[in-house]
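**Student:** Got a predicted structure here, sequence first:
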Amino acid sequence: MGTLYIDRKELHVRLDGDALAFYANGEREGIVPINPLKRVIIVGNITLETSVLNKLASDNISVLFLSGKRNKFCGMLHGKLHNNGLLRIKQYEKSLSLFPMNVSVDIVKRKITGQRGLLLYIREQRPDLRLQMTSASQVFERILEDLQKPGIEMETVRGFEGGASATYFGVFTEAFPDSLEFNDRNRRPPEDPVNAILSLCYTLVHFDIVREIEVIGLDPVIGFYHQFDYGRESLACDLIEPYRPMVDKFVWEIFRERTFTNRDFAMDDERPGCYLKKESRKRFYPMYEEWVKSTRPLWIEDVRVLARRITDGQDAVYKSDQ
């Protein structure tokens, strides 16, 4: 077990030696050993004793706090992560050079290649969408060729990425049943079941990458493709981009196999948006963890490769705190 999800209202968590003990209405209901954990995700109103937070922090186990109904990011708790100030200085230096341009082109190429690959995969599974998927993939091929041209500007790269995303979601939405009302990508709040699952997955992946960035000693708010925006983890936004098509494929297959249907989601008049119901989240967590088992090592390696590039291959600079 690497990730523990705690998503039950009014649960009380205490420390019991090297384990977490769970109580409800004063009755002990279970125990989880701390040793195998790398991250704990807490959803909603849970009571945690200070000794629990101290133990998780001292063992370098990250804790992500999400709101109960909307699964909105509330905060993150880390222990002592690194002492690698030199790596951060080099990151800042690189952010003021031509380095961001090279990184950005790589990121956008990988994302568009992934989007094209997913649409071609859907074309194989859905011959009725052959024309739409083929047409979109041809647009991506032209964009990828344009990204190879010398002297390209950053705003042009962003324009290519935005145009590719518009083309992508224009046909990706057609791969879902009309009953799900997935007509475009929307968020904050998500307006339909597909966007609800996409937003939840992107949130979990984003803060998983933030954790890896902080563990290695980089600054998550200094990105290379995404511009600095106060309070935003722009570097994590950079690194998640190539993985969005993989998330999209995971979500598409969830609905294709009817693992989740409209009945698994809640919408009400008081709070706008569409969200996965509490009981359905219990089924979602193990599915997500099974999926992320093979993808998490990829972005961990991406973070390491980026650190290596930032230090011009001087491994000792970023290995010193691993």
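**Tutor:** Yep, that arrived.

**Student:** which secondary structure element contains the closest residue to residue 239 other than its chain neighbours?
**Tutor:** The spatially closest residue to residue 239, leaving aside those adjacent along the chain, is residue 209, at 5.1 Å (C-beta to C-beta, 6 or more residues apart in numbering). Any C-beta I mention is one placed from the backbone N, CA and C, and that applies to glycine too. Using DSSP states H and E, residue 209 sits within helix 193-216.

**Student:** can you pull out the helices in the chain?
**Tutor:** 50-58, 85-95, 99-125, 130-146, 154-172, 193-216, 234-240, 244-256, 278-310, 315-319 (DSSP state H).

**Student:** thinking again about what came up before, who touches the residue nearest to residue 239 in this structure?
**Tutor:** Neighbouring residues of residue 209 by C-beta atoms under 8 Å, 6 or more residues apart in numbering: 236, 239-240, 299, 303.

**Student:** For it, give its distance to residue 15.
**Tutor:** With the distance defined as C-beta to C-beta, to the nearest Å, residue 209 ends up 29 Å from residue 15.

**Student:** before we move on, what about residue 139?
**Tutor:** Using C-beta to C-beta, residue 139 is found at 55 Å from residue 15.

**Student:** dump the residue contacts of the residue lying closest to residue 29 once chain neighbours are set aside.
**Tutor:** In this structure, residue 29 finds its nearest non-sequential neighbour in residue 22, 5.1 Å apart by C-beta to C-beta, 6+ apart. Going by C-beta under 8 Å, 6+ apart, residue 22 touches 6, 11-13, 28-32.

**Student:** Please dump those into JSON lines; it should also carry pLDDT and neighbour count for every row.
**Tutor:** As requested, these are exported to JSON lines (pLDDT from 0 to 100; neighbours: other C-beta atoms under 10 Å):
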{"residue": "6", "pLDDT": "93", "neighbour count": "17"}
{"residue": "11", "pLDDT": "92", "neighbour count": "19"}
{"residue": "12", "pLDDT": "94", "neighbour count": "17"}
{"residue": "13", "pLDDT": "95", "neighbour count": "20"}
{"residue": "28", "pLDDT": "93", "neighbour count": "12"}
{"residue": "29", "pLDDT": "91", "neighbour count": "12"}
{"residue": "30", "pLDDT": "92", "neighbour count": "11"}
{"residue": "31", "pLDDT": "93", "neighbour count": "12"}
{"residue": "32", "pLDDT": "94", "neighbour count": "16"}
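
**Student:** what's the closest of those residues to residue 80?
**Tutor:** residue 13 (22.0 Å; C-beta to C-beta).

**Student:** surely that closest one meets residue 48?
**Tutor:** Yes. Applying C-beta atoms under 8 Å as the test, residue 13 and residue 48 come out as touching, 5.0 Å apart.

**Student:** Residue 249: which of the contacts of residue 209 is nearest?
**Tutor:** Proximity of those to residue 249 (C-beta to C-beta) peaks at residue 240, which lies at 14.7 Å.

**Student:** What residues does the closest one make contact with?
**Tutor:** 202, 205-206, 209, 299.

**Student:** Please repeat the previous calculation with a cut-off of 6 Å.
**Tutor:** Residue 240 is in contact with 205-206, 209, counting by C-beta atoms under 6 Å, 6 or more residues apart in numbering.

**Student:** So for it, what's the pLDDT?
**Tutor:** Here the pLDDT value assigned to residue 240 is 96.

**Student:** Kindly report the same for residue 148.
**Tutor:** For residue 148, pLDDT reads 88.

**Student:** ok, now residue 321?
**Tutor:** Note for residue 321: predicted pLDDT of 44.

**Student:** How about the contacts made by the residue sitting nearest the centre point of the chain?
**Tutor:** Nearest to the geometric centre of the chain sits residue 205, at 1.9 Å (C-alpha atoms, centre = their mean). Counting by C-beta under 6 Å, 6+ apart, residue 205 touches residue 240.

**Student:** swap the cut-off to 7 Å and go again
**Tutor:** Applying C-beta atoms under 7 Å, 6 or more residues apart in numbering to residue 205 gives the contacts 240, 243, 247.

**Student:** what does residue 161 give?
**Tutor:** 108, 111.

**Student:** what do you get if the cut-off is 8 Å, keeping everything else the same?
**Tutor:** Neighbouring residues of residue 161 by C-beta under 8 Å, 6+ apart: 108, 111-112, 241.
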